[in-house]
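Engineer: sequence below, structure please.
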Amino acid sequence: QVQLVESGGGLVQAGASLRLSCAASGRTFSRNAMAWFRQAPGKEREFVASISRDGGSTTYAEFVKGRFTISRDNAKNTVYLQMISLKPEDTAVYYCAARLGGGYNHILDVHYDYWGQGTQVTVSS
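Structural biologist: Numbering: from 1, shown residues only. Here you go, the predicted structure:
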């Protein structure tokens, strides 16, 4: 069993930056690919970014390339999402997800096994 707890969300103005964190329980964190998804009101959950077990490979949704950076610290059992140049359309609940085993480039939520409760990010114009 893996438990994921996100933090770092909040209300910011357009152009600001935020760093989201996702702390994972258990001793298998380094064996899991990790990802961030988001869900805006009235919309389906969508892929944001993913990272391989060792942090050496990443995948991004086209709409966040150059603005968001996913990283992980396996010693701290934590994955991060650094977000810069935030836009109002980035407003959503951001979820952390874990995929048991490898395969860092999965962009469908059905490929992930564990989910956090989400953290709200609101970007005002």
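
Engineer: the chain: strands as residue ranges?
Structural biologist: 4-7, 10-13, 18-24, 33-39, 46-51, 58-60, 68-73, 78-83, 92-99, 114-115, 119-124 (DSSP state E).

Engineer: who touches stretch 8-24?
Structural biologist: Contacting residues not belonging to stretch 8-24 are listed as 2-7, 32, 34, 36, 76-88, 94, 96, 98, 116, 119-125 [C-beta atoms under 8 Å, 6 or more residues apart in numbering]. All C-beta atoms are positioned from the backbone trio N, CA, C, and that covers glycine.

Engineer: likewise for stretch 48-63?
Structural biologist: With contact meaning C-beta under 8 Å, 6+ apart, stretch 48-63 is reached by 30-38, 46-47, 64, 68-72, 74, 79, 81, 94, 102, 104-107.

Engineer: repeat that with 7 Å
Structural biologist: Residues outside stretch 48-63 that contact it (C-beta atoms under 7 Å, 6 or more residues apart in numbering): 30-38, 46-47, 64, 68, 70-72, 79, 81, 102, 104-107.

Engineer: drop anything exposed from the residues you listed.
Structural biologist: When burial is judged by neighbour count using 16 or more other C-beta atoms under 10 Å, the buried members of the contacts of stretch 48-63 are 32-38, 47, 64, 68, 70, 72, 79, 81, 104, 106.

Engineer: quick check: the farthest pair among those residues?
Structural biologist: Farthest pair in the buried ones among the contacts of stretch 48-63 (C-beta to C-beta) is 32 and 64. Separation: 21.3 Å.

Engineer: and the spatially closest residue to residue 100 that is not a sequence neighbour, how far from residue 7?
Structural biologist: Nearest residue to residue 100, sequence neighbours excluded (C-beta to C-beta, 6 or more residues apart in numbering): residue 113, at 4.9 Å. Per C-beta to C-beta, to the nearest Å, residue 113 is found 21 Å from residue 7.
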